[in-house]
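In: take this sequence and fold it.
(chains A and B)
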Amino acid sequence: EAQVTQNPRYLITVTGKKLTVTCSQNMNHEYMSWYRQDPGLGLRQIYYSMNVEVTDKGDVPEGYKVSRKEKRNFPLILESPSPNQTSLYFCASSSIVWTLNRESLYEQYFGPGTRLTVT
Amino acid sequence: GENVEQHPSTLSVQEGDSAVIKCTYSDSASNYFPWYKQELGKRPQLIIDIRSNVGEKKDQRIAVTLNKTAKHFSLHITETQPEDSAVYFCAASIQMIGTYKYIFGTGTRLKVLA
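Out: Next up, the predicted model:
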């Protein structure tokens, strides 16, 4: 079954304790991305990756790190979590779809989400 | 910076009526506009999308229109049903080699009243 998985699904931690949220996809997608979702703010892109060893900042990268050592995995790292990073986090991956006129469309598939609480 | 404004934030309609959600984007380089539906406690799921060289796209009861000049795009749901109740997000993306940025709207909570 084609899917994006995230672990853990729920995490409560304390300020300053390093944590990693894993993301894995089995669809051989080149593109992967991390978002955070907060009430009233929608989804905001944290980091994205266009291929192995290629990552770039989204809109809200401060306090986060990512790595893309393998195509299927894209972990999100919080080196020193703070309470303002309490949020619902989604990983997503995309395929490249080529239409007849060769334009590419990236349809995103989201993981199930990770609810993180930092106290 | 780039942003996407989405209105209304909440919308209640009677079953069978139509619902319209509107978004405005700021970055004229945006060329891909997806809409996502998110049910309570679940992940966002793509319901329809449109690219910049198309003015309208329809899929059964849902349609999306795009006005590139005005930088507006809208989601139209006809003959609404209770299962359409969810939060809907629009997004604007620049799809080109070397970038994979998405800017989302803040969401519209749609309630379909039976």
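
In: what about stretch A:70-80, distance to the chain center?
Out: With CA atoms, centre = their mean, to the nearest Å as the basis, stretch A:70-80 stands 8 Å off its chain's centre.

In: for it, list the C-alpha coordinates in PDB.
Out: What follows is stretch A:70-80, C-alpha atoms only, in PDB (Å, rounded to 0.1, in the frame of the first residue of the first chain):
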ATOM      1  CA  GLU A  70      18.000   8.300   1.600                       C
ATOM      2  CA  LYS A  71      15.200   8.900  -0.800                       C
ATOM      3  CA  ARG A  72      12.500   7.300   1.300                       C
ATOM      4  CA  ASN A  73      13.300   9.100   4.600                       C
ATOM      5  CA  PHE A  74      13.100  12.700   5.700                       C
ATOM      6  CA  PRO A  75      13.400  13.100   9.500                       C
ATOM      7  CA  LEU A  76      12.600  16.400  11.300                       C
ATOM      8  CA  ILE A  77      15.000  17.200  14.100                       C
ATOM      9  CA  LEU A  78      14.400  19.600  17.000                       C
ATOM     10  CA  GLU A  79      17.800  20.100  18.600                       C
ATOM     11  CA  SER A  80      16.400  22.200  21.500                       C
END
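
In: now check it, is it near chain B?
Out: No - judged by CB under 8 Å from any CB of the partner chain, stretch A:70-80 makes no contact with chain B; its nearest approach is 12.0 Å. In short, each C-beta sits where N, CA and C put it, glycine included.

In: what average pLDDT does that stretch get?
Out: For stretch A:70-80, mean pLDDT is 97.

In: for stretch B:17-35, same thing?
Out: Mean predicted lDDT for stretch B:17-35 stands at 95.
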